[in-house]
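# Could you look at this predicted model? Sequence included:
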Amino acid sequence: MPSDMETPSSKTTEDSNTKPEDAELAKAIMARRFHPSAISPETWEGYIFSDLEIRIKESTDLYGAVLWPSAIVLCHFLETNQDRYNLTDKNVIELGAGTGLVTIVSSLLGAKVTSTDLPEVLGNLEYNVMRNTKGRCKYIPLVTELIWGQEVEQHFPRATHCFDYVLAADVVYAHPYLVELMDTFDHLCQENTQIFWAMRFRLDPENSFVDRFQQRFHLEELYDLPSMSIKLYRAWRKVKRTKD
Ligand SMILES: C[S@@+](CC[C@H](N)C(=O)[O-])C[C@H]1O[C@@H](n2cnc3c(N)ncnc32)[C@H](O)[C@@H]1O
């Protein structure tokens, strides 16, 4: 177990009134967002990382081509917790990367990032990733297909693909691949891997996914943002896989 994998912190009585912290944190997180002016006909979103502007091209016809608030929450955490979770030179994979903000921020933080999503999303993802990381990052991110549950061992053999971090923002919602997604987390997460997962709660299936997730992984709640219906979790494997 890595040294920074302490047991999940228990909630204090102060935490039971989360509203002020929620409001302040949500405000700080969303203050990073800006709208680059007069770029049309596409939709663009902007994100402030340190002293850099990240510009994200969206397309309204695909889920994966919109920047979701969970991604901004996860990016804010990664940037403001660099001392605790240092991504420099770390092997990172992002699931359901969408428009690529989390991949871009992780790359700017010095990680070697593999950015994955469905084939139809990769064109826009690659465009955003290259536009915002070229000449700015130590490692050029790799953008590649990963369809949850499909040929994951062929594309990412566990013997050769060891990730320090698995990142995911808003990947659990009412889609029919929740079992495949769980198996993909399971496949990619080795003994020393940590997962950072920003979760937007919309309907009951999301709650039951968290319950099932906890059967395989330890879960620490890092942020609770009721005003955004988002929680940010850190997770790591409970037991070593017997198949390994
Ligand atoms: C709600 S979007 C979130 C996108 C991005 N992470 C963000 O927060 O802005 C969900 C993402 O999961 C991807 N996705 C959905 N089903 C998938 C599957 N079966 N395999 C791989 N990716 C999938 C979508 O293409 C999309 O990019």
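Thanks, I have it. Keep in mind the model is a prediction, meaning the values are calculated, not measured. Residues are numbered from 1 along each chain as shown.

# what about the residue nearest to the spatial centre of the chain, distance to the ligand?
Geometric centre of the chain, nearest residue: Ala168, 2.9 Å, by CA atoms, centre = their mean. Counting by CB to the nearest ligand atom, to the nearest Å, the gap from Ala168 to the ligand is 7 Å. C-beta here means a position set from N, CA and C on the backbone, and glycine is covered the same way.

# Just the pLDDT for that residue.
On pLDDT, Ala168 comes in at 98.

# Which residue ranges of this protein form helices?
19-30, 69-80, 101-108, 122-133, 152-155, 178-188, 204-216 (DSSP state H).

# Comparing the ones you listed, which comes out most buried?
helix 101-108 (a mean of 28; mean count of other CB atoms under 10 Å).

# Tell me the helices and strands packed up against it.
Contacts defined by 3 or more CB pairs under 8 Å, 6 or more residues apart in numbering; DSSP states H and E place helix 101-108 against strand 43-49, strand 52-58, helix 69-80, strand 91-95, strand 112-117, helix 122-133, strand 165-169.

# hmm, who's touching the last one?
Around strand 165-169, the neighbours that count as contacts under CB atoms under 8 Å, 6 or more residues apart in numbering are 68, 70-71, 73-74, 85, 87, 90-96, 98, 102-103, 106, 111, 185, 188-189, 193-198.

# what does this structure put close to the ligand?
63-64, 67-68, 70-71, 96-99, 117-118, 121, 146-148, 169-171, 175, 177 (CB under 6 Å from any ligand atom).

# redo that, cut-off 5 Å
63-64, 67-68, 70-71, 96, 98, 117-118, 121, 147-148, 169-170, 177 (CB under 5 Å from any ligand atom).

# Between the helices and strands packed on helix 101-108, which one is closest to Ser229.
Closest of the helices and strands packed on helix 101-108 to Ser229 is helix 69-80, at 8.9 Å (criterion: CB to CB).

# Can you spell out which helices and strands pack onto the closest one?
The helices and strands touching helix 69-80, judged by 3+ CB pairs under 8 Å, 6+ apart, are helix 19-30, strand 43-49, helix 101-108, strand 165-169, strand 194-200, strand 217-225, strand 230-237.

# can we see that at 10 Å?
Contacts defined by 3 or more CB pairs under 10 Å, 6 or more residues apart in numbering; DSSP states H and E place helix 69-80 against helix 19-30, strand 43-49, strand 91-95, helix 101-108, strand 165-169, strand 194-200, strand 217-225, strand 230-237.

# of all these, which lies closest to Thr80?
Shortest distance between Thr80 and the helices and strands packed on helix 69-80, using CB to CB, is found for helix 19-30: 8.6 Å.

# Can you dump the C-alpha atoms of the closest one in PDB for me?
Provided in PDB are the C-alpha atoms of helix 19-30 (Å, rounded to 0.1, in the frame of the first residue of the first chain):
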ATOM      1  CA  LYS A  19     -23.400  23.900   3.600                       C
ATOM      2  CA  PRO A  20     -20.800  26.700   4.100                       C
ATOM      3  CA  GLU A  21     -18.000  24.500   2.900                       C
ATOM      4  CA  ASP A  22     -20.000  23.300   0.000                       C
ATOM      5  CA  ALA A  23     -20.900  26.900  -1.100                       C
ATOM      6  CA  GLU A  24     -17.400  28.200  -0.700                       C
ATOM      7  CA  LEU A  25     -15.800  25.300  -2.400                       C
ATOM      8  CA  ALA A  26     -18.400  25.200  -5.200                       C
ATOM      9  CA  LYS A  27     -17.800  28.900  -5.800                       C
ATOM     10  CA  ALA A  28     -14.000  28.500  -5.900                       C
ATOM     11  CA  ILE A  29     -14.300  25.500  -8.300                       C
ATOM     12  CA  MET A  30     -16.700  27.200 -10.700                       C
END
